[in-house]
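S.K.: predicted model and sequence below, questions to follow.
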Amino acid sequence: MMNSYNCLSHLPDLKSRSCVFSIFVAVSLICGVYFIGGAWFKKDLFRLSPGFRMNTTQQHTDTYKCESILKVPSPEIQVLNDTGVSSPEIKINDTSEHTHLEKCNQKCRPIGSEALPNGIISVHANMEMRPLWGPVSEDNKPKHGTGLLAVAVGINQKELVNKIVKKFLENDFVVMLFHYDGFVDKWHDFDWSNRVLHISVKNQTKWWFAKRFLHPDIVAEYEYIFLWDEDLGVEDFHPKRYISIVKEEGLEISQPALDPGKSEIHHPITARRHKSRVHRRYYKFKGSGRCDEKSTSPPCVGWVEMMAPVFSRAAWRCVWYMIQNDLIHAWGLDMHLGYCAQGDRTVKIGVVDEEYIVHLGLPTLGVFSDRNKTNTESIDQSKNLVNSESNNFDNRSAVRRQSYTEMGIFRNRWNKAVNEDECWIDPFKQSPPLRKP
């Protein structure tokens, strides 16, 4: 009886130990399946879709992205032999795979190029023309100029444009002409015609052309983008000297001053100041919209006119994104250029007085002539030429109405974007004035 009692008294203890051991084994198996399966699923997930890690909007808005999560090979790769039968599975060494991941981690690649070997990726383009065969001639070899000039042109201002183009080509600029009237062949009598790029679309503005043909990645090779109108006199302007001044002054967005004695001036800040190199603000002490030393916003400071703006590479990348695809006149954009100034707009935006131009104020957009006469008269005569043509069609009033309409649309879009973007902080937002007790 005693032996039987002892045997029975140990039985519960054995069962308890067996139960604990079973639970331990089960937990170990579950953990093993979890970690092994999770690792396999993670690798397989990367293999399924290179773009799975980001949404479509991110792919279109981010030109470059440092990939912290990379595609890695599947743990098992099957290779078919000549008979169509799969060869033995090839196992990838975990150690070498880990080393490979460490080496490639955080490597920057343009979005969409992940499937290519790094050495074949060509990040940028430029405006250099290449021959269909043979080497590049000495005359056409690129001189790697620092600037790009883009001008919207019509045949009526042919002689004015000729002077502008010649001056910029002499200073090793790349030149693009946006033909808004469709006449391209009539420019071939100039010896420089084959050295510039011609893009022709009827009845479009320079901002329409710029949005479509001056993408920041395409023009990234050029330090400065000159996006000018055609009715400008450049007799006293020197492009290289202008760039030198802009660099020394630290201007990201600028324009040459306007000769007040010969120019049509719409905004006082653009008028040239004698004995001045650069100015960044103007003063108005009477009437509405006063400007003084305390002014920190456009048009008192941090403002240039859209007739002859000059953008640095970094500023242009920002401005290009702000140009609305469907608003071709860009009215209202000038008041927001400061957000693209790469810093304090009261410092980074300015008007260059030492290098100045003449703004003739000729009517261009909305004026069409079936005679296609070129403007070769003097400045005073050219201002009256369009009005004297009997076969002209003048839609300038309609163009101006559309410009005002677009300005309102842009303003509403800006305000809506500011209100909806919870992550955006206005760097120029002014605190409300303190109320007196």
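M.R.: Good, I have the coordinates.
S.K.: can you verify R109 is assigned to a helix?
M.R.: No - read with DSSP: H, G, I helix; E, B strand; the rest coil, R109 is strand and lies in no helix.
S.K.: against A115, how distant is it?
M.R.: 10 Å (CB to CB, to the nearest Å). From N, CA and C alone the C-beta is placed, and that goes for glycine too.
S.K.: for L362, same thing?
M.R.: Plainly put, L362 is 51 Å away from A115 if you go by CB to CB.
S.K.: who has more neighbours, those two?
M.R.: L362 (21 against 8; other CB atoms under 10 Å).
S.K.: please name the nearest non-neighbouring residue to the more buried one.
M.R.: D231 (4.0 Å; CB to CB, 6 or more residues apart in numbering).
S.K.: the one you found contacts Q157, doesn't it?
M.R.: Yes - in this structure D231 lies within contact range of Q157 using CB atoms under 8 Å: 6.1 Å.
S.K.: more neighbours: which of those two?
M.R.: Between D231 and Q157, counted using other CB under 10 Å, D231 has the larger neighbour count: 25 against 22.
S.K.: which residues touch that one?
M.R.: Contacts for D231 (CB atoms under 8 Å, 6 or more residues apart in numbering) come out as 157, 160, 359-362, 364.
S.K.: so how do I select the buried members of these in PyMOL?
M.R.: Selection of buried members from the contacts of D231 for PyMOL, criterion 16 or more other CB atoms under 10 Å:
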select buried, resi 157+160+359+360+362+364
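S.K.: from the contacts of D231, which land in helices?
M.R.: Secondary structure from DSSP state H places L160 of those in helices.
S.K.: and which of the contacts of D231 is nearest S403?
M.R.: T364 (13.2 Å; CB to CB).
S.K.: for R195, grab the count of nearby residues.
M.R.: Neighbour tally, R195, other CB under 10 Å: 14.
S.K.: contacting residues around the residue nearest to it when sequence neighbours are not counted?
M.R.: Residue nearest to R195 in three dimensions, not counting chain neighbours: L169, with 6.5 Å by CB to CB, 6+ apart. When contacts are counted by CB under 8 Å, 6+ apart, L169 is found next to 175, 192, 195-196.
S.K.: how about low-confidence regions in this structure?
M.R.: Scanning the chain for pLDDT under 70 picks out the ranges 1-22, 24-25, 27, 31-103, 105-107, 137-145, 366-393, 431-437.
S.K.: kindly recompute the last result at 80.
M.R.: Scanning the chain for pLDDT under 80 picks out 1-108, 124, 126, 136-145, 363-394, 430-437.
S.K.: and the lengthiest strand in it, which residues are buried?
M.R.: Secondary structure of the chain per DSSP state E: the longest strand is strand 349-359. Neighbour-count burial for strand 349-359 flags 349-359 (criterion: 16+ other CB under 10 Å).
S.K.: other SSEs contacting that strand?
M.R.: strand 232-233, helix 239-249, strand 253-258, strand 278-279 (3 or more CB pairs under 8 Å, 6 or more residues apart in numbering; DSSP states H and E).
S.K.: list the buried residues of the third one.
M.R.: Neighbour-count burial for strand 253-258 flags 253-258 (criterion: 16+ other CB under 10 Å).
S.K.: and if you look at stretch 418-429?
M.R.: Of the residues in stretch 418-429, none is buried (16+ other CB under 10 Å).
S.K.: and if you look at stretch 235-246?
M.R.: Quick answer for stretch 235-246 (16+ other CB under 10 Å): 237-240, 242-243, 245-246.
S.K.: ok, which stretches of the stretch 51-200 of the chain are strands?
M.R.: For the stretch 51-200 of the chain, the strands defined by DSSP state E, counting those that start in this stretch cover 64-67, 76-77, 90-91, 107-110, 147-153, 174-179, 197-200.
S.K.: partner strands of the last one and their direction?
M.R.: With DSSP bridges as the criterion, the sheet partners recorded for strand 197-200 are strand 174-179 (parallel).
S.K.: compute the inter-axis angle for the strand it pairs with and strand 147-153.
M.R.: Going by axes from the mean of the first three to the mean of the last three CA atoms, to 10 degrees, strand 174-179 is angled at 10 degrees with respect to strand 147-153.
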